[in-house]
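*Asks:* quick one: sequence plus predicted model below, questions after.
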Amino acid sequence: MGQFEAFVGVNFWTALFTLLNTLTIFFVAKKFLFGPVMKIITDRQNEIDGLYADAHQAKDDAEAMRGDYRQKLSEATQTSERMVKEAVARGQAREEEILREANREAEAIRRKASADIEQEKKKAINDAKDEISVIALAIAGKVVGRELQEADQSALVDQFIQELGDEA
């Protein structure tokens, strides 16, 4: 077997020392290298997890704020719609009040105008009676050739006016 060893070149003691050196390096690396490196990796993973948790919390907060914003916007919209409806209702009520007042005023003006017309009509009729009576007396005086007594004159005027009123 010596030749095989020489040919392969594996010496038992060399292989054993190599194995022992490798194990020693492994345990020393595990104790002094893998531990701190794993600690750094774990710390970094915890930091990343914390960032993700913070981001998730911020996202949840943003969603909550968004919901609040939508609710407040909806409330503001409802309030503004209610205010507009109330303003429209007040405007319509005021419009109806103004129309009623205008109608009352127009009716009062119309009644006053009718009364004024009626009064002017009576005045015109009385003025016409006076003028007609003067003219009628003058004509009657010339036709009869004498002056009429006041009672006769008044009766003739009233009869003449009555006849004029019937013709009109």
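*Replies:* Looks like it arrived, so ask away.
*Asks:* in the protein, spot the helix with the most residues.
*Replies:* helix 35-144 (DSSP state H).
*Asks:* where are the low-confidence patches of the chain?
*Replies:* Low-confidence segments of the chain (pLDDT under 70): 1-10, 136-138, 140-150, 152-153, 164-168.
*Asks:* recalculate using a threshold of 80.
*Replies:* 1-11, 128-168 (pLDDT under 80).
*Asks:* count the neighbours of residue 125 for me.
*Replies:* Residue 125 has 15 neighbouring residues, counting by other C-beta atoms under 10 Å. (C-beta placed from N, C-alpha, C; glycine too.)
*Asks:* how much space separates it from residue 154?
*Replies:* With distances taken as C-beta to C-beta, to the nearest Å, residue 125 is found 17 Å from residue 154.
*Asks:* now do residue 65
*Replies:* According to C-beta to C-beta, residue 65 stands 103 Å off from residue 154.
*Asks:* those two: who's more crowded?
*Replies:* Higher neighbour count among residue 65 and residue 154: residue 154, with 13 against 10, using other C-beta under 10 Å.
*Asks:* and that one, what element?
*Replies:* helix 150-167 (DSSP states H and E).
*Asks:* cool, residue 26 as well?
*Replies:* Secondary structure (DSSP H and E) places residue 26 in helix 12-29.
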